[in-house]
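K.L.:
Sequence plus the predicted model coming up.
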Amino acid sequence: MKILKKIGLVLLLILIIAQFFGPEKNDGDLASVDAFIAETNPPEDVLQILKTTCFDCHSSKTTYPWYNNITPVNYWLEEHIEDGKKHLDFSKWSSYSLKRKEHKMDELYEEVEKGEMPLNSYTWTHSEANLTQDQINAIVTWGKKVQADYKQQMASK
């Protein structure tokens, strides 16, 4: 039994020391999404949805919850954010090609329409990100319009 106590004490000590370390935060500026907003011109209701459900993981500015200060949770969150940005980064929208923008808009509204986005693991702790059917419809309508605009631009080139 003494060996288990020693192992437990060592693990506790490691956990305490780990609290002094953490991943780099995604603390950019929300102004980084201005180009995306200007180009896609979302209606106010859609813009609000994007701010509360998308930008935390898909831009260079994350509003972190209190539990991000706990290691190893902060590493899990950071990996989640980096993965989200790998798939779609609104902060890099202006660097995307026209074809890529069209494709990303298609993915955006399809993922929302199928209920794949926002992720369940996000909505568990961000209840405001649980989308109503009206909100989903608003995103799909806007996304299809933006995608059609990109298709038209590609056809005219």
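P.N.:
Sure thing, it's come through.

K.L.:
most residues in a single helix of the chain, which one?
P.N.:
The helix that spans the most residues within the chain, counting by DSSP state H, is helix 133-155.

K.L.:
Quick check: buried residues in stretch 62-71?
P.N.:
With burial defined by 16 or more other C-beta atoms under 10 Å, the residues of stretch 62-71 counted as buried are T62, N68, T71. Every residue, glycine included, has its C-beta placed from N, CA and C.

K.L.:
What is the nearest of the residues you listed to V146?
P.N.:
Here the nearest of the buried residues of stretch 62-71 to V146, counting by C-beta to C-beta, is T62; it sits at 23.9 Å.

K.L.:
show me what contacts that closest one?
P.N.:
By C-beta atoms under 8 Å, 6 or more residues apart in numbering, the contact list for T62 reads K25, N26, D27, F55, D56, I81.

K.L.:
ranking those residues by neighbours, who comes first?
P.N.:
The most crowded member of the contacts of T62, judged by other C-beta atoms under 10 Å, is D56 (22 neighbours).

K.L.:
quick one: it from A148, how far?
P.N.:
28 Å (C-beta to C-beta, to the nearest Å).

K.L.:
Output the buried residues of stretch 62-71 as a markdown table; include the columns pLDDT.
P.N.:
Formatted as a markdown table, those follow (pLDDT from 0 to 100):
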| residue | pLDDT |
| --- | --- |
| T62 | 80 |
| N68 | 70 |
| T71 | 84 |
